[in-house]
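[1] This is the structure alone, sequence omitted:
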């Protein structure tokens, strides 16, 4: 399933690469596509993903997942800062690296991988983990991308009110009240949300199409980031679980596996939205996704041994 998921990703990339090579669309049009994803498609995806039947067990597991995500994020932040000081990166690259350490491809790759390894229960927890990741993407993630661009973060609550954050509030409220959207509205939002991944991959392909092969695969920092994202961070998480004597249930295995996924495709979308270093972000997404076909099976086998 890992190989099939990887193949799907690169097939979706190809039209974007072609459009970039042939200059069929320009940068302004690419920015427009990313704006559609961030402000319309992705919020719809978040709301529909949270349309789950309420239960106390689900609420408790949501809390456990959220706690695990925060703990893993703190570790990722610390590792990212140490690595960036060692590499002597500037502020723009530093905050992008931390963003990429915090957010992995929990949805498009994480969910099918967990389905293959752990069945329906694995899919359930993986989907929940992906929803929680979205909550942090639209808050902490936005903050990091803005910081990477040197944007002054003001204490203005209005700046926090974005379509993404609004969708999270709506989705969580509907979940807690166990309210389901009308069928027509729910199916419409699911359809709109379904374009999120294809358009995200199209934009990555477009950015890669603008690069030379040498520049794409010759970035030493991108390789280092990919190595840490795929090997070092998940290893730290597993060692932490093992050190605290946490039982390796399906829930904890899903948490560990999701940290072993490649850099989140949404990275390029957010960086594009704020006119950041999309070239570096695209290279990290591409390289980490390529290398993950080797690292994910190895990591999955390691979890079964523990």
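    Everything's here; your move. Nothing here was measured: the structure is a model prediction, and the numbers come from that model.
[2] Tell me the buried residues in the helix or strand hosting residue 78?
    Element membership for residue 78 (DSSP states H and E) is helix 56-87. Neighbour-count burial for helix 56-87, counted by 16 or more other CB atoms under 10 Å, picks out 62, 65, 68, 69, 72, 73, 75, 76, 79, 80, 83, 84. C-beta here means a position set from N, CA and C on the backbone, and glycine is covered the same way.
[3] Let me see the mean pLDDT of it.
    The pLDDT scores in helix 56-87 average 86.
[4] same deal with stretch 228-247?
    Averaged across stretch 228-247, pLDDT comes to 86.
[5] same check, this time on stretch 32-40
    In this model, stretch 32-40 carries a mean pLDDT of 86.
[6] How far does the helix holding residue 78 sit from its chain's centre?
    13 Å (CA atoms, centre = their mean, to the nearest Å).
[7] From residue 113, how far off is the residue lying closest to residue 148 once chain neighbours are set aside?
    Excluding the flanking residues, the one nearest residue 148 by CB to CB, 6 or more residues apart in numbering is residue 95, at 3.6 Å. Counting by CB to CB, to the nearest Å, the separation of residue 95 from residue 113 is 28 Å.
[8] what do you get for residue 193?
    Computed as CB to CB, the residue 193 to residue 113 distance reads 21 Å.
[9] neighbour-wise, which of the two wins?
    Neighbour count, other CB atoms under 10 Å: between residue 193 and residue 113, residue 113 has more, with 26 against 20.
[10] Let me know the pLDDT of the more buried one.
    For residue 113, the pLDDT comes out at 80.
[11] Start the count at 9 instead of 1 going forward.
    Okay, residue one is now 9; in that scheme the one you just asked about reads as residue 121.
[12] And the helices in the stretch 59-208 of the chain?
    Counting by DSSP state H, counting those that start in this stretch, the stretch 59-208 of the chain has helices at residues 64-95, 99-110, 118-144, 150-156, 165-168, 171-184, 191-201, 204-217.
[13] mind giving me TSV with these and columns for distance to residue 268?
    Shown next, in TSV, are the helices of the stretch 59-208 of the chain (distance: least, CB to CB, whole Å):
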stretch	distance to residue 268
helix 64-95	11
helix 99-110	13
helix 118-144	9
helix 150-156	21
helix 165-168	31
helix 171-184	25
helix 191-201	25
helix 204-217	19
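[14] of those, which approaches residue 27 most closely?
    Shortest distance between residue 27 and those, using CB to CB, is found for helix 204-217: 5.5 Å.
[15] gap between the closest one and the chain center?
    Using CA atoms, centre = their mean, the offset of helix 204-217 from its chain centre is 14 Å.
[16] Then stretch 142-160?
    13 Å.
[17] Out of the helices of the stretch 59-208 of the chain, flag the one nearest residue 278.
    Of all these, helix 150-156 comes closest under CB to CB, at 4.7 Å.
[18] Now do the buried residues in stretch 245-264.
    245, 246, 249, 259, 260, 261, 262, 263, 264.
[19] Which strands or helices does the one helix or strand residue 277 maps to pack on?
    Using DSSP H and E, residue 277 sits within helix 274-281. If contacts are counted by 3 or more CB pairs under 8 Å, 6 or more residues apart in numbering; DSSP states H and E, helix 274-281 sits against helix 35-44, helix 99-110, helix 150-156, helix 204-217, helix 286-313.
[20] got CSV for those, with distance to residue 254 too?
    Below are the helices and strands packed on helix 274-281 laid out as CSV (distance: least, CB to CB, whole Å):
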stretch, distance to residue 254
helix 35-44, 39
helix 99-110, 21
helix 150-156, 28
helix 204-217, 32
helix 286-313, 12
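[21] low-confidence ranges in this protein?
    9-14, 17, 159-168, 224, 314 (pLDDT under 70).
[22] residue closest to the middle of it?
    residue 272 (3.2 Å; CA atoms, centre = their mean).
[23] quick one: contacts for that residue?
    With contact taken as CB atoms under 8 Å, 6 or more residues apart in numbering, residue 272 is in contact with 108, 111, 112, 113, 114, 141, 145, 293.
[24] nearest to residue 132, of those?
    Set against residue 132, the nearest of those by CB to CB is residue 114 (13.4 Å).
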